[in-house]
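Q: here's a sequence, model it:
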Amino acid sequence: MKRLLSLLVTGSLLVTPVLAAQTGVEDSFPAVREPASFADVAGGSWYTDAAGLCYVTGLLNGTGNGNFSPTRSVTIGEAATLAARIHHILNGGDGTLPEAPAEWGQVVLTRADGVSVGLQQNQSTGFWLDEKSLQLCFNLDESWKAAIGQTVTLTLNGTNYTGTLNWQTQNWKPPFYFQPDFHSQNYQQYYDDLWDALWRPAPGDWSRNTAYYLETVLHTGPDQINGLGTTATRLDFVKLLSLVSGDLLEPINDITDFPDATQETKDVVLPFYQAGILTGTDDYGTFRANGTLSRAEMATMAARLIRPELRQEFTIKTVDDSRYTLTPLDLKGGKAEGSWSTSSLLPVTYEDHWALYRADGSWYTPEAGTAFLDANEDGLVMMEAADDSYAVMDSTKDWAAVPFTPNWSCKLLGDGLFISQPSYGADPILHDRTGASIATLTGDGHWDVLSDGLAPCLDESARLYGFVNTKGQWVIPAQYIEVKYFRDGYAAVKQEGGWGVIDTTGKLVIPCAQPSLEHRGGPWFYSSSGQWLAADGSAVPAAAASYNGQNITLTGNYFPCGTYYLDRNFQPVTPQIFDWTGPVDENGQAFVGMDGAAYRITLN
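A: Alright, predicted model coming up:
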């Protein structure tokens, strides 16, 4: 559960007022140590000054070995610690957060002979809570079996509760559990203490003091400090800064909106645009609320907050409406299922049936009693009947490629192909779009991910992966620890040095040196190191850095981004006005939804 920041904006009303005035904030953050020269921070980069300032003022440290790691993602705990340090300094402290008391978050079990054990959530000698029954279960050593059925004491946040130690046999739970005696104790207090202790970091956890500060000083509430170890988003950090910025957000920009503003984000994010702390991730001011927060981004926002002279005066560029046109669709009262759309097919549901709207305005309506399962860019559609049999239909025609048969499974592939499997464990059969059988797929290939005529396959003797063709013949020899399937002529592969990319000939086009790679369509790959890579050797636009980690995928020559489109230079082609966006064909056309209606969009 990521509950930490869900109510931070409301919580900010309870925060101790910031003491430093806008004009004197620099005095609160003097240099406390000599500047450092980080090996991975190039001179003149957009974050160089910010990284240096955050270091000399003690707000941030390096990451070791002379590095700052500007592209490394940040956890919520790290972001919260920086925000808490800022608040602590602005209110007369030195940035060293107060120690959490020993009893804060304490979970200790003590038996009658005085032996006790301190417990941490989900540790080998820890506790696990069955939320449905509020049963607290433990992993304890064999000596505790003698205490089964005996009175024990559970200490939560310094308060003692008596009960019995019991044993349960459900193998998905730890074996010991505590049954409180509610006849002589306050159930509500036990309930509150239990949940407080559950979310508070245990003694020894590095984020413990941060969580204590969030709860007791910034008043986020004891049930909101879970998830400090999860990756922070850009919105997470701005919400945290909104807690500690006080009167430091004097407007210098006349900005009233940004492209991807929502009801949730606008109130908290817009003041940071107006104050010049945020400028967006592109010329259009796109915020990317769910984008991964990097150390460079975190340092830049913090530096602009504590040094007003670093803030940016700017205007937001508007998207050129001439780059797209919209044509409304008449769906005859049906509801567009946009998440299932292809560039040429739009599933439409009604109260008692479904149909497919074709890009040319015609319809395909299947026989009654069938359920829509899948469609692909080749125009093939998979359906299921009430008796669990399958059919594959060619939507470019009004006939079924394969009629309903009692197949055990069926899967659509690319290139106008699909596979069926008559029964569990049987060899899959490869079909063309007319339903004709091309081959029976034997061997150990992963036929459910056959693409570009190749399927991943494990060489059992070598325990390495390669690729085989539809005849089961090795095309790319087994030489990889792990592989992903081909798409658009490329596949990610892993060797000892990391992940790389090969083409269909087996040529290594990106060396195996990346911690992980995600294929984003065409020649584009995203590395968990924060880099975008082009497998065809073309330059990656600088704007790609704005989309590190965001799940956008190239279709045609555009990236659908949920509510808008980017071009190959990672620049917006449309405003963020759509409810959903579908994949784009080679002619720049797609289905989109806006305000509950469906449209055909043409991008140029």
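Q: which strands and helices sit next to the longest strand that the chain contains?
A: Taking DSSP state E as the criterion, the chain has its longest strand at strand 159-167. If contacts are counted by 3 or more C-beta pairs under 8 Å, 6 or more residues apart in numbering; DSSP states H and E, strand 159-167 sits against strand 151-156, strand 176-180, helix 187-199. To be clear about C-beta, it is placed using only N, CA and C from the backbone, and glycine gets the same treatment.
Q: give me that answer again for 7 Å
A: Packing partners of strand 159-167 (3 or more C-beta pairs under 7 Å, 6 or more residues apart in numbering; DSSP states H and E): strand 151-156, strand 176-180.
Q: can you flag the weakest of those strands by average pLDDT?
A: Mean pLDDT is lowest for strand 176-180 out of the helices and strands packed on strand 159-167, coming in at a mean of 88.
Q: what's the closest of the helices and strands packed on strand 159-167 to residue 442?
A: Closest to residue 442 of the helices and strands packed on strand 159-167 is strand 176-180 (C-beta to C-beta; 51.1 Å).
Q: you'd agree residue 450 is up against residue 415?
A: No: look at residue 450 against residue 415 with C-beta atoms under 7 Å: they stay out of range, at 9.1 Å.
Q: would you turn the helices and strands packed on strand 159-167 into a markdown table with distance to residue 420 and mean neighbour count?
A: Formatted as a markdown table, these follow (distance: least, C-beta to C-beta, whole Å; neighbours: other C-beta atoms under 10 Å):
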| stretch | distance to residue 420 | mean neighbour count |
| --- | --- | --- |
| strand 151-156 | 57 | 19 |
| strand 176-180 | 49 | 18 |
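Q: to residue 550, which of these lies closest?
A: Nearest to residue 550 among those is strand 151-156; the distance by C-beta to C-beta comes to 40.7 Å.
Q: contact partners of that closest one?
A: Identification of contacts with strand 151-156 by C-beta atoms under 7 Å, 6 or more residues apart in numbering yields 106-112, 160-165, 178, 193-194, 197.
Q: what's the answer for stretch 276-290, then?
A: Stretch 276-290 has contacts (C-beta under 7 Å, 6+ apart) with 233-235, 252-253, 258-260, 265, 269, 272-273, 301, 304-305, 311-314, 316-317, 319, 543, 546, 550, 571-572.
Q: list the buried residues in it.
A: When burial is assessed from 16 or more other C-beta atoms under 10 Å, stretch 276-290 yields the following buried residues: 276-289.
Q: among the contacts of stretch 276-290, name the buried ones.
A: 233-235, 253, 258-260, 265, 269, 272-273, 301, 304-305, 311, 314, 316, 319, 543, 546, 550, 571-572.
Q: show me the contact partners of the longest strand of the chain.
A: Residues from elsewhere that reach strand 159-167 (C-beta under 7 Å, 6+ apart): 144, 147-154, 175-181, 185, 190, 193.
Q: kindly recompute the last result at 8 Å.
A: Contact with strand 159-167 is made by 109, 111, 144-145, 147-155, 175-181, 184-185, 189-190, 193, as judged by C-beta atoms under 8 Å, 6 or more residues apart in numbering.
Q: list the buried residues in it.
A: 159, 161, 163, 165, 166.
Q: quick one: average confidence on that strand?
A: 92.
Q: now swap in stretch 429-439 and tell me
A: 89.
Q: and it, end to end?
A: Stretch 429-439 stretches 6 Å from its first residue to its last (C-alpha to C-alpha, to the nearest Å).
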